[in-house]
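build me a model from this:
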Amino acid sequence: MDKNLTVKEVNKYRLEALGLNREQVIGKKCYEVFQHRDKPCEICPVQPVFEKGEMVRLEKSAVLGDGTVKYFDTQGTPIFDEKGTVVQVVSSIRDITEQKQAEETIKRKLEFEKMVSTISSRFVGVSDIDDAINASLVDISKLSGASRSYIFLFRQEGITMDNTHEWCADGVSPQIANLKNLPIETFPWWMPKLRNGEIIHIKDISKMPTEAKAEKEILEMQDIKSLLVLPLNIRGKLGGFVGFDNTVEAEEWNDEDITILRVFSETLGTAFERKHAENKLRESEKKYRLLADNVTDVIWTMDMNLKCIYVSPTVTRMRGWSVEEAMAMALEESLTPASLELARKAFAEELAIENMKQKDLSRSRMLELEQICKDGSTIWIEAKMTFLRAPDGQLIGISGISRDITERKKVEAEKKELEQRAQLATRLATVGEMASGIAHEINNP
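Next comes the predicted model:
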């Protein structure tokens, strides 16, 4: 090319890449034939060579005759005349489209994996699982490029279903209010697929098979162009599904995206399992709260992270702490170091045993622990702990009863001390008798 960016020569490989012949290129402006523009590109690899008199290299994209976008590694090399002036530039171009696509695929995969990791961490120790689910739905949907995403949960033993969570991009109408208490038969074509663990990936709603007529009508009413639906397994069985819609244009998800979105679905399933278990734990706690509030011993409940989720008001009489203070205390704040080590060891041993047992079995364990009171003193308690299970057998917490045995421990200590003194007196008497006998033998040889 010359200073006017007119193409002076071109090789056959460049012509083949563009799908053009020499007559269509020679004598034309480079930006006209290569970029389909009416003026030079904002970032030009040729003009700087004329200005600097040195080689310039950069990446450029180009639109081919069929509309395909290609990426090229472009290098501009100067040609000098006898005066050292740049008179022409040789532009060599290498097609790096596949490399760029591979880089984008890897980048997108890493972004997805990072997002799934963030979402998984979000559910650790969260107090409101629904808030975490909604926030995660927003994050994963924006990254996936969906126009709308949603969660359906089955009700009444799988007879009906509700749209329980939803996210919509700007300009997309929410549907959640209209999708409640729907019969499962609303989706006769894709329900058997979900039950078989299949993913429903419809690249173009207009081309759905005739047997999917019912689903097609519903989707077209919502202006959905393409969608991806994944089964949502809760407690080992299909409990609903997660969906991603495109309402702007028909698109498809690649295999890498689908794999990551399946992991997301599995993460949601675990979150719903936890929510179900926590609801069951609350129901169980309500049943004995009235009884617990009226006994002299302290009744308590902990989750599987050893965090207190209920303690009876008798904790104030026994240890001086209010109910709120006692529930907010970590285990290491409640027990002396020796008792803390004993409690954790016992919990680990019992947990290992419980995990090996059948779901309808349970057993209790008694521990003697030294607890810290609000005034800084300590008391001894006898704690009886029992693991709690959901109806499906999943371990969801620990219930316990703590009884003040400080006086008993004092009596036992005093009794032990008296026994030790008696044993010492007996030994001293024996030694005295032996000494007397030895003295007698010395005095009477």
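
what about the strands in the stretch 151-300 of the chain?
Using DSSP state E, counting those that start in this stretch, the strands assigned to the stretch 151-300 of the chain run over residues 160-168, 182-183, 200-202, 226-234, 237-246, 298-302.

which other residues reach the fourth one?
Applying CB atoms under 8 Å, 6 or more residues apart in numbering, the contact partners of strand 226-234 are 146, 151-153, 190, 194-195, 197-205, 219, 238-246, 250-253, 258, 261-262, 265-266, 268-269, 272-273, 276. The way it works is simple: take the backbone N, C-alpha and C, and place the C-beta from them, glycine included.

what bits of the protein have low per-residue confidence?
When residues are selected by pLDDT under 70, those of the chain lie in 62-67, 123-126, 284-295, 356-363, 418, 422, 424-425, 427-429, 431-445.

center of it - which residue?
The central residue of the chain, meaning the one whose C-alpha is nearest the mean C-alpha position (CA atoms, centre = their mean), is Ser120 at 1.3 Å.

in space, what's closest to it - neighbours in sequence excluded?
With CB to CB, 6 or more residues apart in numbering as the measure, Thr267 is the residue that lies nearest to Ser120, at 5.5 Å, once sequence neighbours are left out.

count of residues packed around that neighbour?
19 (other CB atoms under 10 Å).

right, and it touches Ser121 too?
No. With contact defined as CB atoms under 8 Å, Thr267 does not reach Ser121; the gap is 10.3 Å.

mind listing what the residue nearest to Ser120 touches?
Taking CB under 8 Å, 6+ apart as the definition of contact, the neighbours of Thr267 are 116, 119-120, 123, 136.

just the buried subset of these, written out for ChimeraX, thanks.
Under the burial definition 16 or more other CB atoms under 10 Å, those of these that qualify are selected in ChimeraX by:
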select :116,119,120,123,136
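
among the contacts of Thr267, name the ones in helices.
Secondary structure defined by DSSP state H assigns 116, 119-120, 136 of these to helices.

how about a markdown table for the residues you listed, with distance to Arg14 added?
Converted to a markdown table, the ones in helices among the contacts of Thr267 look like this (distance: CB to CB, whole Å):
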| residue | distance to Arg14 |
| --- | --- |
| Val116 | 43 |
| Ile119 | 47 |
| Ser120 | 49 |
| Ser136 | 48 |
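
quick one: Asn305 is in a strand?
No. Applying DSSP: H, G, I helix; E, B strand; the rest coil, one finds Asn305 to be coil, outside a strand.

distance of it from Asn181?
Computed with CB to CB, to the nearest Å, the distance linking Asn305 and Asn181 is 36 Å.

just Ala102 next, same as before
Taking CB to CB as the criterion, Ala102 is separated from Asn181 by 47 Å.

quick one, phi psi at the residue lying closest to Val10 once chain neighbours are set aside?
Spatially, and ignoring its direct neighbours in sequence, Val10 is nearest to Val25 (5.1 Å; CB to CB, 6+ apart). According to degrees, to the nearest 10, the main-chain angles of Val25 amount to phi -120, psi -50.

so which residues of this structure form helices?
Across the chain, reading from the start of the chain, the helices by DSSP H fall at 12-18, 30-35, 47-52, 97-122, 129-144, 191-195, 213-221, 255-292, 314-319, 323-328, 331-334, 337-356, 406-443.

please report how far Arg235 lies from Tyr150.
21 Å.

again with Thr316
Counting by CB to CB - Thr316 and Tyr150 are separated by 47 Å.

hmm, back to that, what is the nearest of the ones in helices among the contacts of Thr267 to Leu18?
Ranking those by separation from Leu18, with CB to CB as the measure, puts Val116 on top at 41.1 Å.

OK, contacts around that closest one?
140, 260, 263-264, 267.

a markdown table for the residues you listed, including distance to Arg389?
Supplementary listing: the contacts of Val116 in a markdown table, determined by distance: CB to CB, whole Å:
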| residue | distance to Arg389 |
| --- | --- |
| Ile140 | 32 |
| Ile260 | 33 |
| Val263 | 28 |
| Phe264 | 28 |
| Thr267 | 23 |
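
ok, those vs Ser92, which is closest?
So of the contacts of Val116, ranked by how close each gets to Ser92 (CB to CB), first place is Ile260, at 38.5 Å.
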